[in-house]
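*Asks:* Have a look at this prediction, sequence included:
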Amino acid sequence: MRRLTKNQLRPIGPLKQTLPLKQTLAAAALAGLMVACAPVVSQRGYVPNEDLLAEIRVGIDNKDSVLTTFGSPSTLSTVDGGTWYYISSIEEQFAFFREETVDREIVAVYFDEDNNVKQLGYFGLEDGKIVNFIDRETPTRGKELTFLQQMFGNLGRFGSGTRADPTPGL
């Protein structure tokens, strides 16, 4: 029987098993990061498909037939209710970031004075405009100063340390 020297011994056991364990943990961590970075996609609203849109005849159909065919609209025009809007949007959100609208479809059904369909309109995301109803900023008068202008502008404006009225409120 041949004896092995210390240099000829090969490690077996825990050292060999550690490498696959590390690779497995690294792969699991990478997979977890990939899943965490996947966007959360949500669809809101309803837009009728092309087959239903083809069923609506301009000048013949009225509000009742549109309601039967399409269902309740997402919103009505605020002035006279003469336009019904069917709105659908797809939004994505990555992790903790703000949702971003990826796609939007709007079908507008315009009615005349007799409640008959006057016109159909189709709008997409590219047709929209961002309207900021609330600025959360108060307009101020005066001159806009930078931080350094404000700091250096106050130099020399401080008093000698004596107050005009040494005992206020008495």
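*Replies:* Received it, and whenever you're ready, just let me know what you need.

*Asks:* alpha carbons only for contacts and neighbour counts from here, please
*Replies:* Noted.

*Asks:* Ends of stretch 64-80, what's the gap?
*Replies:* Stretch 64-80 has an end-to-end distance of 17 Å (C-alpha to C-alpha, to the nearest Å).

*Asks:* List the buried residues in it.
*Replies:* Going by neighbour count (16 or more other C-alpha atoms under 10 Å), the buried part of stretch 64-80 is Val66, Phe70, Pro73, Leu76.

*Asks:* Same check on stretch 40-59?
*Replies:* Tyr46, Val47, Pro48, Ile56.

*Asks:* Can you read off the pLDDT for the most centrally placed residue in the chain?
*Replies:* Residue closest to the mean C-alpha point of the chain, counted by C-alpha atoms, centre = their mean, is Glu99 at 1.8 Å. Per-residue pLDDT puts Glu99 at 87.

*Asks:* Might you report the residue contacts of Glu99?
*Replies:* Glu91, Glu92, Gln93 (C-alpha atoms under 8 Å, 6 or more residues apart in numbering).

*Asks:* Could you report the neighbour count for the last one?
*Replies:* It refers to Gln93. 17 (other C-alpha atoms under 10 Å).

*Asks:* which residues of the protein fall in strands?
*Replies:* Assigned by DSSP state E, the strands in the chain fall at 40-45, 75-76, 83-93, 100-111, 117-124.

*Asks:* in terms of contact, does Phe70 touch Tyr46 like I think?
*Replies:* No - counting by C-alpha atoms under 8 Å, Phe70 does not reach Tyr46; the two are 9.2 Å apart.

*Asks:* Got the phi and psi for the residue nearest to the centre of the chain?
*Replies:* Torsion angles at Glu99 (phi, psi; degrees, to the nearest 10) stand at phi -60, psi 140.

*Asks:* ok, so what distance separates the residue nearest to Gly124 when sequence neighbours are not counted from Ala31?
*Replies:* Here the nearest residue to Gly124 in space, its sequence neighbours aside, is Glu105; by C-alpha to C-alpha, 6 or more residues apart in numbering that works out to 4.7 Å. Glu105 sits at a distance of 34 Å from Ala31 (criterion: C-alpha to C-alpha).

*Asks:* before we move on, back to that, run through the residues that contact the residue nearest to Gly124.
*Replies:* Val47, Ile87, Ser88, Ser89, Tyr122, Phe123, Gly124, Leu125.
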